[in-house]
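Asks: Predicted model, plus sequence, below.
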Amino acid sequence: MTDSTPTTGDATPFRRVSVAEVPPPSVIPADLSVEMLNGDVTSETPATVRVELRWTGDEEVRLEGGPPPLKLPVVDDVSNPTLALVPSDRFDRDDARPECWRVGKDPSEGYGLGLWTGEVGPGDEFACEAQLWTDHRAEGCLPVGRYSFGGRSYVADWDAVAEWEFTLRVSDP
């Protein structure tokens, strides 16, 4: 059996990341789009995704909670995080295994909370770009599998919670 972990400085793809599923958002009239800007993970370059939420409704409403489309960083599973979508240049990599794109934080640390409130109207678009890293509390190195990420906001005018999510697939090259 060979070790498939890349060495530092290796530009050979270690993992491939692709968009697996993008269901429509719940409650709100909006379109969610997810695009891989870079799907090949190497020791030099992480996977990068662009997420956009576009309001298709014809009325203005007030959203409260996480900023659309995502409050970064965001993990795949709050109770057992494996992967995290993080903003570019915000976190240092763990020096012990930089090829894993692991967040360089102590496993006891979280990411903190951020709240956002804003009016959303016809044609408004919210977009962000994020890199896919191994969460600092997880075992392994970008494990192969399917991982879901999402956001939610309270729609004050409708007294309802809107949710949206998408699934990324991590595979061997």
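Replies: Happy to help now that I have it. Residues are numbered from 1 along each chain as shown.

Asks: From F149, how far off is the most centrally placed residue in the chain?
Replies: The centre of the chain sits closest to L85, judged by Cα atoms, centre = their mean, with a distance of 3.4 Å. As judged by Cβ to Cβ, to the nearest Å, L85 and F149 stand 6 Å apart. Every residue, glycine included, has its C-beta placed from N, CA and C.

Asks: And for P29?
Replies: In terms of Cβ to Cβ, P29 sits 22 Å off from F149.

Asks: between those two, who's got more neighbours?
Replies: Per other Cβ atoms under 10 Å, whichever of P29 and F149 has more neighbours is F149, with 24 against 15.

Asks: Not counting sequence-adjacent ones, nearest residue to D135?
Replies: Distance criterion Cβ to Cβ, 6 or more residues apart in numbering; nearest residue to D135, sequence neighbours excluded, is P81 at 4.1 Å.

Asks: quick check, the one you found in a strand?
Replies: No: with DSSP: H, G, I helix; E, B strand; the rest coil as the criterion, P81 is located in coil rather than a strand.

Asks: Secondary structure element holding the residue nearest to the centre of the chain?
Replies: Using DSSP states H and E, the element containing L85 is strand 83-86.

Asks: helices or strands next to that strand in the packing?
Replies: strand 74-75, strand 125-134 (3 or more Cβ pairs under 8 Å, 6 or more residues apart in numbering; DSSP states H and E).

Asks: Correct me if wrong: the residue nearest to D135 contacts V75.
Replies: Yes: the pair P81 / V75 is scored as a contact, 3.8 Å apart, by Cβ atoms under 8 Å.

Asks: any residues in contact with both of the two?
Replies: D135 (Cβ atoms under 8 Å, 6 or more residues apart in numbering).

Asks: what sits against V161?
Replies: 27, 152-155.

Asks: Find the helix or strand that it is a member of.
Replies: Counting by DSSP H and E, V161 is found in strand 160-171.

Asks: Return the set of buried residues in that strand.
Replies: 162, 164-168, 170 (16 or more other Cβ atoms under 10 Å).

Asks: List every C-alpha atom in that strand, with coordinates, as PDB.
Replies: C-alpha atoms of strand 160-171 as PDB (Å, rounded to 0.1, in the frame of the first residue of the first chain):
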ATOM      1  CA  ALA A 160     -40.100  31.800   8.700                       C
ATOM      2  CA  VAL A 161     -36.600  30.400   8.500                       C
ATOM      3  CA  ALA A 162     -35.100  30.100   5.000                       C
ATOM      4  CA  GLU A 163     -32.400  27.500   4.400                       C
ATOM      5  CA  TRP A 164     -30.200  26.600   1.500                       C
ATOM      6  CA  GLU A 165     -27.400  24.000   1.100                       C
ATOM      7  CA  PHE A 166     -25.200  22.300  -1.400                       C
ATOM      8  CA  THR A 167     -23.100  19.200  -1.400                       C
ATOM      9  CA  LEU A 168     -19.500  18.900  -2.600                       C
ATOM     10  CA  ARG A 169     -17.800  15.600  -3.500                       C
ATOM     11  CA  VAL A 170     -14.200  15.000  -2.600                       C
ATOM     12  CA  SER A 171     -12.600  12.200  -4.600                       C
END
